[in-house]
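In: The following comprises the amino acid sequence and a computationally predicted model.
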Amino acid sequence: MDLVLIIGLIILGIFFMIIEVYLIPGISIAGIGGVACMAGGIIIAYKKFGTGSGTLTLAISVLVLGIVLYWFYKSKTLDKMALKSEINSKTEPFQGLNVSVGDTGVTISRLAPIGKILVNGKTIEGRSENEMIDENTPIIVTEIGTYNVLVRVNKEKQ
């Protein structure tokens with residue numbers, strides 16, 4: 001009966017360790033449970049069968065755990081569950097807005113240095129060059145960036 005308990009605890013510990021390593025990364029209940037089950041089985045082996053058998057149980061447990069983890073890694077079992085597709089596209093945030101350098105508009109919110117602007121009837125995110133621009137100030141587009149439009153105060157319309 002003790003031998004069945006020892007083997008059962010070690011197998012359960014190995015199972016939890018596989019779950020810990022491959023399915024739930026980090027330190028979790030599965031890892032703690034796996035270590036506890038394996039340690040429990042080894043401790044029982046030391047107490048019931050002596051030092052020699054306990055050491056043999058420890059060595060076999062570590063060896064079997066290593067073999068099972070290596071086999072599980074090489075078997076490509078997780079490849080069936082893993083997402084293998086790659087995203088090669090990118091978004092164009094100003095696509096279809098018809099905003100170009102030199103267009104004029106007005107600030108909807110304060111640009112400190114980023115805020116909302118209205119250019120060609122479209123509300124977009126704008127960034128001031130080197131200054132804070134108050135709300136309802138005329139602006140001119142100086143550059144179109146990846147995520148926002150660089151603007152400065154339009155001194156001609158002030």
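Out: Yes, it's here.
In: quick one: Thr133 and Gly26, what's the gap?
Out: Rather than Thr, residue 133 is Ile. 46 Å (Cβ to Cβ, to the nearest Å). Bear in mind the C-beta positions are built from the backbone N, C-alpha and C, glycine included.
In: same deal with Tyr147?
Out: From Tyr147 to Gly26 the distance is 33 Å (Cβ to Cβ).
In: unless I'm mixing things up, Arg127 is touching Pro113, no?
Out: Yes - Arg127 is within contact range of Pro113, at 5.5 Å (criterion: Cβ atoms under 8 Å).
In: Looking at Ile133 and Gly26, which has the bigger crowd around it?
Out: Using other Cβ atoms under 10 Å as the criterion, Ile133 and Gly26 rank with Ile133 on top: 23 against 7.
In: Tell me where the chain is predicted with low confidence.
Out: 78, 81-82, 91-97, 157-158 (pLDDT under 70).
In: which one's the longest helix in it?
Out: In the chain, assigned by DSSP state H, the helix with the most residues is helix 51-74.
In: can you pull the buried residues of that helix?
Out: 54, 57-58, 61, 65 (16 or more other Cβ atoms under 10 Å).
In: Can you list the neighbours in contact with it?
Out: The contact list for helix 51-74, computed with Cβ atoms under 8 Å, 6 or more residues apart in numbering, reads 6, 10, 13-14, 17-18, 21-22, 38, 41-43, 45-47, 49, 78.
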